[in-house]
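Colleague: I need the structure of the sequence given here:
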Amino acid sequence: MTTARETQGTEVHHGGCLCGAVRYQVRGPMRPVVNCHCGQCRRFHGHYGAYTGADWNAVTLKDSGALRWYRSSEHARRGFCGTCGASLFWDKDGRGFLAIAAGSLDQPTGLRTVRHIFTADRGDYYEITDGLEQLPASMLSEQAG
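Modeller: Sure, this is the predicted structure:
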């Protein structure tokens, strides 16, 4: 049930929440992980958000009865499990791309973290010392979180 290569060579990732009430599958490649330090991500995750992502048409919600959406701004919503509270998704209106909390993926993911965004908003209780690219705001407004 973890990352696999099917006979046609299609990459498949599976993931879900802590209690298992929300499960999803992603077919095809996923974006490398980007760590978002904005205030909303820090509050939603309890620390910074580590997101990968894929086109919505590659995502299948397998068990989604407990999936809840919270409108966190005028242009985006955040998905979480209504049972265990696990942070799962960030979805910008009209983008067609779903940001997926990397920690919700089953291992092994095969993914790597490539950068930090919104570092100007990072919490004052930690430093970013891993040597990865740091951007004070987003990569592009449509690529955030």
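
Colleague: which SSE is immediately downstream of the least confident helix or strand in the chain by mean pLDDT?
Modeller: Least confident helix or strand of the chain, by mean pLDDT, DSSP states H and E, is strand 4-5 with a mean of 46. Sequence-wise, the next helix or strand downstream of strand 4-5 (DSSP states H and E) is strand 11-16.

Colleague: helix or strand right after that following strand?
Modeller: Downstream of strand 11-16, the first helix or strand assigned by DSSP H and E is strand 23-27.

Colleague: need the contact partners of that following strand.
Modeller: 10-17, 54, 58-64, 88, 100 (CB atoms under 8 Å, 6 or more residues apart in numbering). The way it works is simple: take the backbone N, C-alpha and C, and place the C-beta from them, glycine included.

Colleague: filter those residues to the buried ones?
Modeller: 11, 13, 14, 15, 16, 17, 54, 58, 59, 64, 88, 100 (16 or more other CB atoms under 10 Å).

Colleague: ok, residue 125 - how many residues close by?
Modeller: If you count neighbours by other CB atoms under 10 Å, residue 125 ends up with 6.

Colleague: SS state for it?
Modeller: coil (DSSP: H, G, I helix; E, B strand; the rest coil).

Colleague: ok, residue 133 - contacts?
Modeller: 114, 115, 116.

Colleague: what's the helix or strand for the last one?
Modeller: Counting by DSSP H and E, the element that carries residue 116 is strand 113-117.

Colleague: each with direction, which strands does that strand pair with?
Modeller: strand 33-36 (parallel), strand 133-134 (parallel) (DSSP bridges).
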